[in-house]
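**Student:** Sequence first, then the predicted structure, then my questions.
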Amino acid sequence: MKFLDAEMIRTAVRREQYPDMNLPEIALVGRSNVGKSSLINCITNRKKLARTSNKPGKTATINFYEIDRMLRLVDLPGYGYAKVSKVEKEKWARMIETYLSKRDNLVHVFQLVDARHKPSEDDVMMLNWIREFHFEPIVIATKMDKLKKSQIEENLTVIYETLGLDDSATLLPFSAEDKTGSEDVKELITELYEEYIESGKTE
Ligand code: GTP
Ligand code: MG
C-alpha cells in the first residue's frame, strides 16, 4: 500500500450508519489524547485529515478513513477521559463495544498507549478484551519524541510487562511529531492487508 489516497468516508454513531463491509478495517483504540487521530494524519501525510486537539475527548464519533481504496482505518473515541459526564462515557463505551464486537470486516485492532506512562487499568482491560475477541495484540507506543534516549528502553519494558505482552505480540514505538516508526506502521498495515487478502476471507 502506498498511503497516497486517504479520505474520510463516514462518521457514525450507530451501527446503521457504518459503511458497507466491502473493505477490511483496522481500528485504533486507546485513551483520549493518546494520539489516535494524529497517527492517521501522520501516516497519510495529511495535517488535517483527522481532527486532533490537545483537549481530550476530541473524537466523539466513529470515523472511517479509506486508504488507497483498499482498506479502512477506523478512528474510535478515546476512553478514560475523566472530565466527560458519566452518561457520555457510557454512550462512548457502548459505541466502541458495538463497533468492535459486531464488525465482520474488522481484521485488526491497534491499541495505542502513551510511551511516557505506565498503561492504565483501562488500557489493560482493553488489551484483554482484544485478546478475548481473538485479535492479535498489536500495541503502538505514541509520543516517543517526548522521551529522553535514556528512558526509551525502560518505558517500553514497563509497557510490555504491564500489558502482559510476549514474543508473539507486536510493540511499535511511534511519534506523530517526528515521524518515528511511521514507516514501520505503514509496513505493518501493508503486511496485515496482504495477509488478509491471502487468507481468502474477502469472499
Ligand atoms: P481523542 O480524539 O480525544 O480520543 O484523542 P486522540 O487519541 O485522537 O489524540 P489526538 O491525535 O487528538 O492527539 C492529542 C494531542 O496529542 C494533540 O495535541 C496532538 O498534537 C498530541 N500528539 C499526538 N501524537 C503526538 C506525538 O507523537 N508527539 C507529541 N509530542 N504530541 C502528540
Ligand atoms: Mg481523536
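**Tutor:** Thanks, I have the structure now. Ligands and ions are numbered 1, 2, ... in the order given.

**Student:** residue in this structure nearest to ligand 1?
**Tutor:** Closest approach of the chain to ligand 1 (CB to the nearest ligand atom) occurs at G78, with a separation of 2.5 Å. Just so you know, the C-beta spots here come from the backbone N, C-alpha and C atoms, and that holds for glycine as well.

**Student:** And the closest residue to that residue other than its chain neighbours, how far from M1?
**Tutor:** Take G78 and drop its neighbours on the chain: the residue closest to it by CB to CB, 6 or more residues apart in numbering is S32, 3.1 Å away. For S32, the distance to M1 (CB to CB, to the nearest Å) stands at 28 Å.

**Student:** Of those two, give the one with the bigger neighbour count.
**Tutor:** Counted by other CB atoms under 10 Å, S32 and M1 do not tie: S32 has more neighbours, with 21 against 17.

**Student:** Do you have the helices of this protein handy? List them.
**Tutor:** 36-44, 86-101, 121-132, 149-162, 182-198 (DSSP state H).

**Student:** Determine which stretch of those is the most buried.
**Tutor:** Most buried of the helices of the chain, by mean neighbour count (mean count of other CB atoms under 10 Å): helix 36-44, with a mean of 23.

**Student:** Residue numbers of this protein in contact with ligand 2?
**Tutor:** K36, S37, K58, T59 (CB under 5 Å from the ion).

**Student:** Quick check: closest non-adjacent residue to the residue nearest the centre of the chain.
**Tutor:** Closest to where the C-alpha atoms of the chain average out (CA atoms, centre = their mean) is L28, at 1.8 Å. Spatial nearest neighbour of L28, excluding adjacent residues (CB to CB, 6+ apart): K36 at 4.4 Å.

**Student:** I9 too?
**Tutor:** E66 (4.8 Å).

**Student:** Would you mind measuring from the residue nearest to G78 to R14?
**Tutor:** Per CB to CB, S32 is found 21 Å from R14.
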